[in-house]
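Colleague: predicted model and sequence below, questions to follow.
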Amino acid sequence: MTAEGGLLCRSLTVSPGGVGVLRGLSLEVAPGTRTVLVGPSGAGKTTLLRAIAGLEPLEGGEVHLVGRRIDGLAAHRRRIAVVFQEPRLLPHLGVEDNVALTLRAAGVGRGERRARARAGLEEVGLGGFAGRRTQGLSGGEQQRVALARALCAEPDLLMLDEPLAALDPNRREELRRLIARVQAQRGLTTLIITHDRAEAAELGERVALMLDGRIVQHDEPRALFERPVSAAVARFFGVANLLHGTVRDGHLSWAGVALPAPGPDGPATLAIRPDHVELAQEGPLRATVTEAVYTGAHVRLVALRGDHRLEAHVAPALAPPAGAEVTLELPAQRLWRLPGDSDSDGDGDGDGDGDGDGDELSEASGAPSSPADPR
């Protein structure tokens with residue numbers, strides 16, 4: 001059982017419309033912490049949120065919150081507040097009345113409703129907006145009103161479903177910081193859904209990756225980006241370089257180069273992020289640049305060594321042009337040996353396309369230590 005105040009989902013099975021979406025899913029969010037649930041479209045993220053909130057029936061499994069089982073309770077009795085991608089404000093009510101809506105439904109007196117609604121607006125940076133109409137508010141302001149309404153309910157669990165998806169980049173950044181600040185100040189157990197891996201890394205104290213109706217890795221953000229438990233996880237988090245080979249005497253042979261890979265001999269896969277691949281003056285790993293794409297923050301290089309492919313992200317001032325011969329360095333401390341014998345769904349060229357076929361996925365509460373882990 002989870003510690004008092006937290007969320008525990010155990011072996012959830014959900015099949016909306018008879019289609020299996022969640023298949024024995026388990027997830028734990030520690031009390032007072034912020035977990036981001038990330039995954040591609042169709043993974044089942046919103047279905048999980050609806051099941052926790054009581055908006056989607058369970059075929060099997062249990063949901064516990066604050067030490068009590070809630071999956072048998074009606075949605076309005078679960079003490080859960082949800083902020084959706086669309087703010088869902090009532091246009092015939094002003095800002096203050098929208099924020100106080102749940103309080104009114106709970107029978108809270110007018111004076112207290114007003115005071116709590118205005119305090120909530122102050123908390124989300126909208127002091128002075130109480131008397132406004134919802135029409136004319138920007139998208140970011142509408143989401144702040146929706147957040148204030150959720151907080152006014154004083155829930156045991158706050159869930160946000162893609163709350164930033166419809167906002168422009170600057171507003172997304174502002175609201176992202178606001179959500180993190182408010183959650184930390186309140187110590188409110190929070191589950192945030194997104195498909196954006198960068199957003200997940202910035203917002204989540206912990207990140208849970210969902211693929212094909214299951215949680216496949218749940219850990220600190222850095223672990224999913226740098227210590228994935230499978231090729232599918234690696235690819236989702238942008239680890240485009242998956243190097244397949246055979247380990248003998250502590251080294252993996254790849255493209256005619258011996259790479260350090262402590263651990264047992266046999267087939268293995270090393271992973272390294274493109275931003276950790278370096279340009280070098282000399283060394284054995286020579287390759288030809290076939291693509292050099294400026295992205296704003298860096299230049300994405302694709303280099304070939306025979307049939308083997310590497311991707312590197314380098315500073316624009318250092319980037320060679322397409323067609324150039326370069327020497328690449330793969331720092332030993334940045335190489336991560338995937339758990340298990342090898343990458344069964346890979347094609348051996350380090351290509352980062354796709355999310356894998358799912359055959360290798362399993363429940364994981366954190367990345368196991370690998371012999372190549374620099375920790």
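Modeller: Yes, it's here.

Colleague: number of residues surrounding residue 180?
Modeller: Using other C-beta atoms under 10 Å, residue 180 has 17 neighbouring residues. From N, CA and C alone the C-beta is placed, and that goes for glycine too.

Colleague: contacting residues around it?
Modeller: Contacts for residue 180 (C-beta atoms under 8 Å, 6 or more residues apart in numbering) come out as 34, 202, 203.

Colleague: same check, this time on residue 89
Modeller: 98, 134, 142, 145, 146.

Colleague: the same query, at a cut-off of 10 Å, please.
Modeller: Contacts for residue 89 were tallied using C-beta atoms under 10 Å, 6 or more residues apart in numbering; they are 95, 97-99, 101, 133-135, 137, 142-143, 145-146, 149.

Colleague: tell me the secondary structure for it?
Modeller: Here residue 89 is recorded as coil under DSSP: H, G, I helix; E, B strand; the rest coil.

Colleague: and it, how far is that from residue 269?
Modeller: Distance of residue 89 to residue 269, given as C-beta to C-beta, to the nearest Å: 49 Å.

Colleague: again, but for residue 219
Modeller: Distance from residue 219 to residue 269, by C-beta to C-beta: 19 Å.

Colleague: how about residue 277?
Modeller: Noted for residue 277: a distance of 16 Å to residue 269, by C-beta to C-beta.

Colleague: more neighbours: which of those two?
Modeller: residue 269 (27 against 23).

Colleague: just to be sure, the more buried one is in a strand?
Modeller: Yes. Note on residue 269: a strand contains this position according to three-state DSSP.

Colleague: let me see the contact set for the residue lying closest to residue 166 once chain neighbours are set aside.
Modeller: Closest residue in space to residue 166, ignoring its immediate chain neighbours: residue 139 at 5.6 Å, by C-beta to C-beta, 6 or more residues apart in numbering. Residues near residue 139 by C-beta under 10 Å, 6+ apart: 86, 87, 164, 166, 167, 168, 171, 172, 175.

Colleague: go again with 8 Å.
Modeller: 87, 166, 167, 168, 171.

Colleague: just to revisit the earlier point, who wins for most neighbours among the contacts of residue 89?
Modeller: residue 99 leads the contacts of residue 89 on contacts (other C-beta under 10 Å) with 32 neighbours.

Colleague: quick revisit: flag the least confident of the contacts of residue 139.
Modeller: Minimum pLDDT across the contacts of residue 139 is recorded for residue 166, with 77.

Colleague: now do the same contact list for that residue.
Modeller: 85, 86, 139.

Colleague: from those residues, which is closest to residue 273?
Modeller: residue 85 (29.5 Å; C-beta to C-beta).

Colleague: pretty sure that closest one sits against residue 161.
Modeller: Yes. Between residue 85 and residue 161 there is a contact at 5.8 Å, judged by C-beta atoms under 8 Å.

Colleague: neighbour-wise, which of those two wins?
Modeller: residue 161 (21 against 17).

Colleague: isn't residue 271 up against residue 335?
Modeller: Yes. Between residue 271 and residue 335 there is a contact under C-beta under 8 Å: 7.4 Å.

Colleague: so between those two, which is more surrounded?
Modeller: A direct count of neighbours by other C-beta under 10 Å for residue 271 and residue 335 places residue 271 higher, at 28 against 22.

Colleague: ok, that one - contacts?
Modeller: 228, 231, 234, 239, 241, 242, 243, 335, 336, 337, 338.

Colleague: what's the answer for residue 225, then?
Modeller: By C-beta under 8 Å, 6+ apart, the contact list for residue 225 reads 197, 201, 237, 238, 239, 273.

Colleague: what strand or helix carries it?
Modeller: helix 221-226 (DSSP states H and E).

Colleague: can you pull the buried residues of that helix?
Modeller: By neighbour count with 16 or more other C-beta atoms under 10 Å, helix 221-226 contains the buried residues 221, 223, 224, 225, 226.

Colleague: with stretch 251-258 instead?
Modeller: Across stretch 251-258, burial judged by 16+ other C-beta under 10 Å covers 251, 252, 254, 255, 257.

Colleague: ok, stretch 151-169 next?
Modeller: Neighbour count says stretch 151-169 has 151-153, 155-164, 167 buried, by 16+ other C-beta under 10 Å.

Colleague: same thing with stretch 28-42?
Modeller: Those buried within stretch 28-42 under the rule 16+ other C-beta under 10 Å are 28, 29, 30, 31, 32, 33, 34, 35, 36, 37, 38, 39.

Colleague: between the two ends of it, how far is it?
Modeller: Distance across stretch 28-42, first residue to last, is 21 Å (C-alpha to C-alpha, to the nearest Å).

Colleague: kindly report the same for stretch 188-206.
Modeller: End-to-end distance (C-alpha to C-alpha), stretch 188-206: 14 Å.

Colleague: run the chain-centre distance for that stretch.
Modeller: 5 Å (C-alpha atoms, centre = their mean, to the nearest Å).

Colleague: so what are the domain limits for this structure?
Modeller: The chain breaks down by automatic domain parsing into domains covering 7-223, 239-337.

Colleague: returning to that earlier point: turn the buried residues of stretch 28-42 into JSON lines, columns for secondary structure and distance to residue 265.
Modeller: Output for the buried residues of stretch 28-42, formatted as JSON lines (DSSP: H, G, I helix; E, B strand; the rest coil; distance: C-beta to C-beta, whole Å):
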{"residue": "28", "secondary structure": "strand", "distance to residue 265": "37"}
{"residue": "29", "secondary structure": "strand", "distance to residue 265": "40"}
{"residue": "30", "secondary structure": "coil", "distance to residue 265": "39"}
{"residue": "31", "secondary structure": "coil", "distance to residue 265": "44"}
{"residue": "32", "secondary structure": "coil", "distance to residue 265": "45"}
{"residue": "33", "secondary structure": "coil", "distance to residue 265": "40"}
{"residue": "34", "secondary structure": "strand", "distance to residue 265": "42"}
{"residue": "35", "secondary structure": "strand", "distance to residue 265": "38"}
{"residue": "36", "secondary structure": "strand", "distance to residue 265": "38"}
{"residue": "37", "secondary structure": "strand", "distance to residue 265": "38"}
{"residue": "38", "secondary structure": "strand", "distance to residue 265": "35"}
{"residue": "39", "secondary structure": "coil", "distance to residue 265": "35"}
